[in-house]
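**Student:** predicted model and sequence below, questions to follow.
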Amino acid sequence: MRATSRREFLRAASGATAGVASWLALGKAPAFAQKRELTFLSWNHFVPVSDDELRRQAEAFGKLASCEVRVDTIAHLQMPAKIAAEAQSQSGHDMYRTAGADAFLYEHLHANVDDVVEKLGKQYGGWYPFSAEMAKTKSGWKAVPWFWISFPATYNMAHFKKAGLETPKTWDELLKSGRILKRQGNPVGIAISHCADAHSTFWSVAWSYGAKVIEADGKTPAINSDRTAQVIEWYKELYRDAMEPEVLSWDDASNNRCILAGKCSWIHNPISPYNAALANKMPIADEINHHNSPAGPAGTHSAPPILGLGVWKFSKNVELAKEFIQFLFRKENFDAWIVASNAFNHPPLKNLADHPIWARNPKFAMLPKEAEFAHPRGWPAKPSDAVQRIDDNYILADMVAKAVNGMPTKRAMEWAEQQVALALKGQLKVG
Amino acid sequence: MAVGPRALEVTGLHVPGRLARAREWWEQEHVFGYGLIVPALLLLTCLVAYPFGMAIYFSLSDYWVGSPGGFVGLANYRDILANDVFRQTIQNSFVFTGIALTLKTVLGVWLALLLARDMRFKRLIRGAVLLPWVIPTALSTLGWWWMFDSLYSVVNWTAIRLGILSPPGPNWLGQSAYAMAAVITVNVWRGLPFFAITVLAGLVSIPREFHEAAEVDGAGPWGRFWHVTLPLLRPVLAVVILFSTIFTFSDFNIVYVLTRGGPVNMTHLFATLAYQIGLNGGNLGQGAAISLFLFPLLGAVVFLQLRYIRKE
Amino acid sequence: MAGARDREVTIRSATFTYANLVPFLAFALFPFYFMLITSLKSNAELYNLKSIPFLVQTGVIADHYQYLFQRTEFLTWMKNSLIISVVATSASLAIAILAGYSLARLRYRGVASFGTAVFVTYLVPPTLLFLPLSQVVVWLGISDTIWALIVTYPTFLVPFCTWLLMGYFRTVPREVEECALVDGASRMQTLIRIVLPMAVPGIVCAALFSFTLCWNEFIYALTFVSQSANKTAVVGVTADLIRGDIYYWGSLMAGAVLASVPIVAVYVFFLDYYVSGLTAGAVKG
């Protein structure tokens, strides 16, 4: 009895396998007959409608150039693994969304796009220097800056009103207001953890206090300084008096949740929480507003994420990809793309930034101004893969975390200095 | 019958006399033996040995993702050893593996003993116990992440309501000891079923007479377990612990999703640090050195354990 | 009298068993329950700090499931996962049966070291291995198809299955085999007609295990396949529903729940085989 049922099971299983195999064979056939295909690897945009618009434009371009454009999107944390696999195997998509120092890390694997960059620059009144630097390597332009994401302050108006406070103009004022807000049950939320937001904020604060992580030569660590000590002291006080320990465990989504839950009064973040609140019709959208990133003794500075479009050298469609990039930068297309993202995507070209969407919503009015004090990470050093590694290894966030956990400021800085030196030492040799 | 002739066709031997000879040749024990492992060997050489060789080459050269570099000897190993983040990672890995493995072994044996008893809904309960092992890790870890979230933690919510903790409760993923506890908890949650069910299988195979004999000799439940069950479980446990040691040491997903190595690198494991340095940072040489660092040690452990298991 | 005492002992023992099992069951099941609950909650309730996390208070909704089915290619992903897992598992089993039998039963030079070599492949760190392997996939011309996964999954399945089956084949009495050989059966016939049927529980066990490993695999599925239409369930769900700093928690958890259903079903059904399969394999391994 038992033996028969076993045998029957085996027979059934092998039958199923054969069936699946024939299904596979049938399913695969049509894939061979197809026309020219351009493939583009992008991330899941933080404002989902933005991807719908991108796909619409891709289809429109496909009709125009009589080709197929395939846009694959994956989660942003999955991008590095995927790109590394494509670089290593010299195969995959034709073009992809670059971030951070991808253009430097994969310099010799990217096709030059100088012609496109120059043409677009002339057409739209020039590139913002901070966005251009992220794509310009020693061997030419290795990516077309696509868009940048302003990194302003996002705050809850009701919390500030209840405390009778104005929005902070400086980091110091934020600390003072934060003390009151925390007592009211609405702490400030700045991540001190292994996540991207933690770096974005640290660079901004550090520059505002006149501190720098590396010298302009890009080779010498400069983090161990009195200015950095000031920054760390500020973080310590903010952590103790105006924030809660939760910031030590945060990821990029946590501060969004904190403000959307109505708990946090002030976070340093792009406008995605506001857009998410609008999209999901959450009542808190009315309470959320933005203001420019605060200033410090050395002025206002900001380190917005900058995204680009890179074309692999191994692609058989380099020219087609370049055409597609120019198509995306057509005025009507780029405008539609800004609108779809609800002001999240900032153009890296000056004339394209002149879009009514920022004027229309008073909560967005201050956003374009962020471009005036933006720098690429590493500034005053030029961007490079080595600078990127400082972020990748979470050195800056860890330095602050060590200090707020009780390590003497001096020792935390020494530790970071050593780590920065290690990151800079392992320089990628291009050749 | 079905396979024999087909194999011969492939070799192109159609002459009947030769066919018989070929069959004779094929029927020799060593020829047949080698023949059967050829597919496995082919697969492993093409798809495992090559990448493994490459990984060793990465670790000995100045290799960056997509761009080969020159041979540098053990420089990568020296560099990572000089980095205190890596030294911290070694410590983390041993703490993580040691505690998780101990918990899984003790709880796994205990759970298996319970599951082996006669009860109602046996199949259902065994199925339920297996559930954590079955749910895709990449997704279940996200569920755990949500449970440990600083703002919405259901763990803290419950403990505070029950009066075990005072609000706001521990910051699970933000304080080093708690973060380590959290990743260990998830690892134990995920790995316990494997232990329990495998040990259960071992228990089921122990002949009843052994227990009865011990009972007649007047041994209590504890004595029976200690002197009869445990020694008989040894071979099973050896295999499970061996598998689990390797899997636990190379765990990636849990830490990557829950803490990404934080707070301050206190939960980084070899796999996550290798990923961070080799992949995000592009320094494949160092990344490979990190992930291969324990290879000699693990290799020795496996060699000894395998010998021990074979003897049993 | 004696019967009553026996019953009392039985009840006490049952109470002891259940009382001790409860914490284990709670530990095992709670996260799953929590994921299920999360997938049925409205976003407003999910993000409400005052709500009770265990319960659905504002009404059970199917929105997250709807999103999964209408806005993503979830069914295609499930189909892919199924095809890949079934084919990779079958192929690996075939290879592992041959190798396992050879290593367990036949005597020839080097058999012991082959056995160890098969095991050592597990020590190869998987985190970075996918990079060179992605080159191999391209050389084979199968990148960005589900074949990329069908071909590479056996790399981690074959060693495991071989090892498990080796233990199993050792439990088959030698005499049975020798009888068949004396009767004039070829070695292959002996393996297929005599040894295999006796090792079915072990094979089922190895199959279940392999199926789970395939189903849950992540990094190869992420890096070797790009088109949404070729993705597996696990990668599809995480790649589509994590959007930077916004997570679709409800749908993510819905995907997790649904993606585990097929394996749970398979396991509950074959659990007895599983347990008996592991017994022999592990003990005699």
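**Tutor:** Received the coordinates, thanks.

**Student:** low-confidence bits of the chain, can you list those?
**Tutor:** Chain wasn't specified; assuming chain A. Applying pLDDT under 70 to chain A flags the ranges A:1-34, A:426-431.

**Student:** look at chain B instead
**Tutor:** Short version for chain B, where the test is pLDDT under 70: B:1-16, B:205, B:309-312.

**Student:** could you chop it up by domain?
**Tutor:** Domains of chain B are assigned by automatic domain parsing as B:3-59, B:75-311.

**Student:** tabulate these (TSV), appending distance to chain C and mean neighbour count.
**Tutor:** For glycine as for every other residue, the C-beta is placed from the backbone atoms N, C-alpha and C. Output for these, formatted as TSV (distance: least, Cβ to the nearest Cβ, whole Å; neighbours: other Cβ atoms under 10 Å in any protein chain shown):
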stretch	distance to chain C	mean neighbour count
domain B:3-59	4	16
domain B:75-311	4	20
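
**Student:** and residue C:154, which of those domains is closest to it?
**Tutor:** domain B:3-59 (5.8 Å; Cβ to Cβ).

**Student:** hmm, the closest one touching chain A?
**Tutor:** No - taking Cβ under 8 Å from any Cβ of the partner chain as the criterion, domain B:3-59 and chain A are apart, separated by no less than 9.6 Å.

**Student:** just give the nearest non-adjacent residue to the most centrally placed residue in chain B, would you?
**Tutor:** Closest residue to the average C-alpha location of chain B: residue B:247 at 1.8 Å, with Cα atoms, centre = their mean. With Cβ to Cβ, 6 or more residues apart in numbering or on different chains as the criterion, residue B:247 has its nearest non-adjacent residue at 7.3 Å, and that residue is residue B:191.

**Student:** alpha carbons only: can I get stretch A:76-84 in CSV?
**Tutor:** C-alpha atoms of stretch A:76-84 as CSV (Å, rounded to 0.1, in the frame of the first residue of the first chain):
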residue,chain,number,x,y,z
HIS,A,76,17.8,51.2,-4.3
LEU,A,77,19.7,49.0,-1.9
GLN,A,78,19.8,46.2,-4.5
MET,A,79,21.4,48.4,-7.1
PRO,A,80,25.1,48.0,-6.1
ALA,A,81,25.0,44.2,-6.3
LYS,A,82,23.3,44.3,-9.6
ILE,A,83,25.7,46.9,-11.1
ALA,A,84,28.7,45.1,-9.8
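
**Student:** roughly how far is it from the heart of the chain?
**Tutor:** Stretch A:76-84 sits 13 Å away from the centroid of its parent chain (Cα atoms, centre = their mean, to the nearest Å).

**Student:** how about it and chain B, any contact?
**Tutor:** Yes - Stretch A:76-84 is in contact with chain B by Cβ under 8 Å from any Cβ, via A:80-81, A:84.

**Student:** count the neighbours of residue 171 for me.
**Tutor:** All of this refers to chain A. 23 (other Cβ atoms under 10 Å in any protein chain shown).

**Student:** let's do chain C instead
**Tutor:** 16.

**Student:** can you check the one 4 residues further on too?
**Tutor:** The tally of other residues near residue C:175 (other Cβ under 10 Å) stands at 8.

**Student:** what does residue B:70 give?
**Tutor:** Residue B:70 has 8 nearby residues by other Cβ under 10 Å.
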